[in-house]
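1. What would the 3D arrangement of this be:
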Amino acid sequence: LTLNLVSSPGSGKTSLLTRTIDDLKNELKLAVIEGDQQTSNDAERIRATGVKALQVNTGKGCHLDGHMIGHALDGLQPEDDSVLFIENVGNLVCPAAFDLGEAHKVVILSVTEGEDKPIKYPDMFHAADLMLLNKVDLLPYLTFDVDRCIEYARRVNRNIKVLKVSATSGEGMDSWYQWIRATRALAAIGA
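-> Residues are numbered from 1 along each chain as shown. Presented below is the predicted three-dimensional model:
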């Protein structure tokens, strides 16, 4: 099962991913391909969890592509029956148009970004199967309208599933994990 995690920079992708790995690594086989324009900071954070991670730097490129993923898979060699997370370059425009062979695009939107992101960047939200509304622990301190955000997301993709999570507090993370388990089970039977 391959999941392509996409978002703008600062949405909490890496924090969400490290929390997910820490909570699921004893249950599932996991591997990560990290995409950034520069540095290996995020891959180092992932490796610190004990899970295999391979960094792909895109330089001036604003997204990963299938060719990059193919080479990364050769180097990473994830175990059979594993969940492969691709943490794409932080960008809500470029990665929307590129199929990396993933089973699902998962868009992460933090409540600090504004509820109108789905209608400002409709291609990304249209391409995603799941939206993780992250940093919900900060809602008491913000004027973010959760219902309006979900309405906007469903305006561009009526089938998008939405889960409210906080990688910091753990709120909603069990729903995310249940989604991963269910999606993996469906993939295993070829559904």
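2. which residues in this protein form strands?
-> 2-7, 30-36, 52-57, 83-87, 104-110, 130-134, 161-164 (DSSP state E).
3. what would the ones you listed look like in TSV with mean pLDDT and mean neighbour count?
-> Every C-beta, even on glycine, is put in place using the N, C-alpha and C of the backbone. Converted to TSV, these look like this (pLDDT from 0 to 100; neighbours: other CB atoms under 10 Å):
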stretch	mean pLDDT	mean neighbour count
strand 2-7	97	26
strand 30-36	95	26
strand 52-57	94	20
strand 83-87	97	25
strand 104-110	98	25
strand 130-134	99	25
strand 161-164	99	17
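4. Mind putting the ones you listed into CSV with distance to residue 77?
-> Output for those, formatted as CSV (distance: least, CB to CB, whole Å):
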stretch, distance to residue 77
strand 2-7, 14
strand 30-36, 8
strand 52-57, 8
strand 83-87, 11
strand 104-110, 22
strand 130-134, 27
strand 161-164, 30
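5. For residue 152, which non-adjacent residue is closest in space?
-> Of all residues not flanking residue 152 in the chain, residue 118 sits nearest, at 4.1 Å (CB to CB, 6 or more residues apart in numbering).
6. which residues does that neighbour contact?
-> By CB atoms under 8 Å, 6 or more residues apart in numbering, residue 118 lies in contact with 109, 125, 131, 149, 152-153, 155-156.
7. Kindly recompute the last result at 10 Å.
-> 92, 107, 109, 124-126, 128, 131, 148-157, 160 (CB atoms under 10 Å, 6 or more residues apart in numbering).
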